[in-house]
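>>> Quick one: sequence and predicted model below, then my questions.
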There are 2 protein chains.
Amino acid sequence: MDNSIKVKFDKIDRKILEILQANAKITNAQLSKDIGLSPAPTLERVKKLEQSGIIKSYHAKLDPEKIGLGVSTFVLVGLIGHNKGNIDAFMKEIDQIPEVIECHHITGTGDFILKIISKDINSYQKLMLEQVSEIKEVDSMQSMVILSTFKDSKVLPIPA
Amino acid sequence: MDNSIKVKFDKIDRKILEILQANAKITNAQLSKDIGLSPAPTLERVKKLEQSGIIKSYHAKLDPEKIGLGVSTFVLVGLIGHNKGNIDAFMKEIDQIPEVIECHHITGTGDFILKIISKDINSYQKLMLEQVSEIKEVDSMQSMVILSTFKDSKVLPIPA
DNA sequence: AGAATTTACCGAATTATATGTGGTACAAAG
DNA sequence: CTTTGTACCACATATAATTCGGTAAATTCT
């Protein structure tokens, strides 16, 4: 497995990546037609992209509201200290909360930004009070509730 | 197609959803083993979940760094006005920028939060100066650069 | 309660798809 | 040039998805 930062791929590979990002369920036969190759080398290319780590995984995207998840938020979290120990401890706690679906270390206003998804405002409040704010490394929290989502693309813009 | 907010599904469906969120490439045969049914009804359930819109789509997840995308950011955007016309105009522009992979309307500090991914700091700056800040409805922008991502789960916590 | 109806399931046959193989052309390296 | 390696195709095989007929359980209706 190649672990270097940048990996080489050609124009055809890029097209494969674009297609599979948008629709992972396409058959190899259809994919091969779309890129203009026969099935065998097409599959070979996909396997290589998987083995090289360019393609990390495949996921089903669900409709949050239809499974009863009505409230999504971003939360800016400030920690009491910025040393590695604190950050690791914070991460360890965050990792165990499935409602926290993203956690990024950022520059700017706060130290971290979380994306949290929960059933409703009540369960969100409960989660924040009883789980997030209970993490001892957490100093400040600022919530931004998502009123609506206009764009949520799973397709990354692959540079030329 | 059911378009209501909440759709019903049982314990077995939830398990299917959990599995397909984590690994969309699982074979129907394996999935049926994992949930304890035979392949036929398993497939039937998956199809129903797709038709009901609970499962919206399937996507390949790529490694951003390996395709040359080194800079990810969140941007808080304030608009000059908050009327529907402005918001729609803003959205229309945002929609055409592939580097903006998410756009949410939020409460709190700003009006919108964007997630942007680009090649490097230079191309990020170029994008912000020449595209985002050029949208006439945009008033303020505050960038938060992601230093590192600790969690990026594609699995939503399905409520009991 | 009992009959009718619907729903969910299974096993097996069929169809579609993925995967493996051998051979060929092209390109790059020696 | 010649050699080596790479990428490709067509075709054969293996694996998986899908369809079908029939059965049992659950639900609805009388």
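That came through, no problem.
>>> May I see the buried residues of the lengthiest strand in chain A?
Longest strand in chain A by number of residues, with DSSP state E as the criterion: strand A:138-152. Neighbour-count burial for strand A:138-152 flags A:138, A:143-146, A:150 (criterion: 16 or more other CB atoms under 10 Å in any protein chain shown). For glycine as for every other residue, the C-beta is placed from the backbone atoms N, C-alpha and C.
>>> Tell me which two of those residues sit farthest apart.
A:138 and A:150 (30.0 Å; CB to CB).
>>> Show me which residues of chain A sit near DNA strand C.
Taking CB under 7 Å from any atom of the strand, the part of chain A that reaches DNA strand C is made up of A:27-29, A:39-40, A:43.
>>> which SS state does residue A:93 fall under?
At residue A:93, secondary structure determined by DSSP: H, G, I helix; E, B strand; the rest coil is helix.
>>> Test my guess that it contacts residue A:133.
No - using CB atoms under 8 Å, residue A:93 and residue A:133 do not qualify as a contacting pair, with a distance of 11.1 Å.
>>> how does chain A divide up, domain by domain?
If you go by automatic domain parsing, the domain ranges for chain A are A:11-51, A:65-145.
>>> Would you mind saying which of the ones you listed lies nearest DNA strand D?
domain A:11-51 (3.4 Å; CB to the nearest atom of the strand).
>>> quick check, that closest one touching DNA strand D?
Yes - contact between domain A:11-51 and DNA strand D, assessed by CB under 7 Å from any atom of the strand, occurs at A:12, A:36-42, A:44-45.
>>> end-to-end on that domain?
Here the two ends of domain A:11-51 are set 18 Å apart, with distance taken as CA to CA, to the nearest Å.
>>> Report the mean confidence score over it.
Predicted confidence along domain A:11-51 averages 97 (mean pLDDT).
>>> Residue A:159 against residue B:66, yeah?
No - counting by CB under 8 Å, no contact exists between residue A:159 and residue B:66, whose distance comes to 11.5 Å.
>>> For the residue most central in space within chain A, which three-state class applies?
Central residue of chain A (CA atoms, centre = their mean): residue A:102, 6.4 Å from the mean position. Residue A:102 carries the three-state label strand when classified by three-state DSSP.
>>> nearest spatial neighbour of it, skipping sequence neighbours?
Closest residue to residue A:102 in three dimensions, ignoring its sequence neighbours and counting by CB to CB, 6 or more residues apart in numbering or on different chains: residue A:115, at 3.8 Å.
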